[in-house]
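Novice: next input, structure requested:
(2 chains)
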Amino acid sequence: MDSQPKMPSGYSVKLPSDLEYIPPLRQFVAEIARVEGFSKKFCFRTEIIVDELVTNGILHGSQDVHSEITLEARFEEGTMNLSVQDQGGTRQNLENLKRAVYSPKPPSNDKKKGRGLVIVQMLSSEIKIDLGENGQTQVHVVKTKDPDDSQAQKEKLLYESDL
Amino acid sequence: MDTQIELQISDLDNVPHGKLIKFMGDLDATNVESTLDQVTKLIKEGFVQIVADFRNLRYVNSTGLGILLHFSKTAKEKSGCFKIANVNDNVYEIIEIIGANTLLDIYDNVEEAIGSLQARR
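Specialist: Predicted coordinates for the structure are as follows:
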């Protein structure tokens, strides 16, 4: 079996700021994670993370329907790096985002919204916010493989060695 | 393109004001409004003893969870309940992360959920 280290693989997707694009996008990224050898649970969690970050970007960062959201996903050595960039919302939007990312607290039970970034926090290994030169907001997430993924990676290597 | 979720609604035998709602597909921000409208209409019509069958609900995000909590609260305010059955492991994990497992009435299967409604009478 070839023991050379695997090259990292990266993907970049730019989409209009419209919620309708999220289901195929989140399923696409989850499928890449599956092909990269991550477990079903990791892929489901990836789907949720992508969904919540892009939904948040559309609703609070790229509110103009003509604006865009950019998602980048990179997979290497059992780690997924995700980055979602929106056009940048108001100062209040940014403050809300920072509070949600760095001091996550679920909203009261009668609120219909406000739980997305709490879920992302819980499912991710690291999360941080950057600001772009032109006021864009970038949310970066790192997710390392779950214990289940060791077996999934082995099965992928065995499958590839049979080809 | 609101096609990712389908709700199948039927009567619950021997449960007055009861309805069984089968959720099929993915519940997310693209279809949360139509789901909210359909279930809210039922509750307004007086069907406040509701069992939601999640056997074929593959996926739910935070927006979807938000309306599930809303249904539970609204039904309780009208002396009813919104019970959930057959939750898959992935969906349960998301429910658990936000602590909604302590707020929602969750059952292993539909029969248990319906049985708990009949026992309330």
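Novice: and the helices in chain A?
Specialist: Secondary structure of chain A (DSSP state H): helices at A:22-35, A:40-60, A:91-102, A:116-123, A:149-162.
Novice: what about chain A, any weak spots by pLDDT?
Specialist: Chain A contains residues with pLDDT under 70 at A:1-8, A:107-112, A:148-163.
Novice: what does it put close to chain B?
Specialist: Neighbours of chain B within chain A, by C-beta under 8 Å from any C-beta of the partner chain: A:19-20, A:22-23, A:41, A:44, A:47-48, A:51-52, A:55, A:106, A:109-116, A:118-119, A:122-123. Glycine gets a C-beta too; all of them are placed from N, C-alpha and C.
Novice: I only care about these that end up buried; give me the ChimeraX line for that.
Specialist: Here is the ChimeraX command that picks out the buried ones among those, judged by 16 or more other C-beta atoms under 10 Å in any protein chain shown:
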select /A:19,22,23,41,44,47,48,51,52,55,112,114,115,116,118,119,123
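Novice: coming back round to it: deepest of the helices of chain A, which one?
Specialist: Mean neighbour count (mean count of other C-beta atoms under 10 Å in any protein chain shown) peaks for helix A:40-60 among these, with a mean of 24.
Novice: check which helices and strands that one sits against.
Specialist: For helix A:40-60, the elements it packs on are helix A:22-35, strand A:68-76, strand A:79-86, helix A:91-102, helix A:116-123, strand A:137-144, helix A:149-162, helix B:89-97, judged by 3 or more C-beta pairs under 8 Å, 6 or more residues apart in numbering or on different chains; DSSP states H and E.
Novice: ok and the fourth one relative to helix A:116-123, angle-wise?
Specialist: Pointing back at helix A:91-102 there. Counting by axes from the mean of the first three to the mean of the last three C-alpha atoms, to 10 degrees, helix A:91-102 lies at 30 degrees to helix A:116-123.
Novice: centre of the chain to helix A:91-102, how far?
Specialist: Centroid separation for helix A:91-102 versus its chain: 18 Å, with C-alpha atoms, centre = their mean, to the nearest Å.
Novice: for the third one, same thing?
Specialist: Remark: strand A:79-86 is offset 5 Å from the chain centroid, using C-alpha atoms, centre = their mean.
Novice: cool, and stretch B:33-46?
Specialist: In terms of C-alpha atoms, centre = their mean, the centre of stretch B:33-46 is set 11 Å apart from its chain centre.
Novice: do stretch B:87-103 as well
Specialist: Its chain's C-alpha centre and that of stretch B:87-103 lie 13 Å apart, by C-alpha atoms, centre = their mean.
Novice: now stretch B:65-82
Specialist: That offset, for stretch B:65-82, works out to 9 Å (C-alpha atoms, centre = their mean).
Novice: do it and chain A meet?
Specialist: Yes. Using C-beta under 8 Å from any C-beta, stretch B:65-82 comes into contact with chain A via B:65-67, B:69-70, B:73.
Novice: and that stretch, what's buried?
Specialist: Buried residues in stretch B:65-82, counted by 16+ other C-beta under 10 Å: B:65-72, B:74-75, B:80-82.
Novice: in contact with the residue most central in space within chain B: list those residues for me.
Specialist: Centrality entry for chain B: nearest residue to the mean C-alpha point is B:Ala52, 3.7 Å, by C-alpha atoms, centre = their mean. The neighbours of B:Ala52, taking C-beta atoms under 8 Å, 6 or more residues apart in numbering or on different chains as the test, are B:21, B:23, B:68, B:71, B:82-85.
Novice: farthest pair in the residues you listed?
Specialist: Across those, the longest distance by C-beta to C-beta is 14.1 Å; it joins B:Phe71 and B:Ala85.
Novice: roughly how far apart are A:Lys145 and A:Ala33?
Specialist: Look at A:Lys145 and A:Ala33: by C-beta to C-beta, to the nearest Å, they are 10 Å apart.
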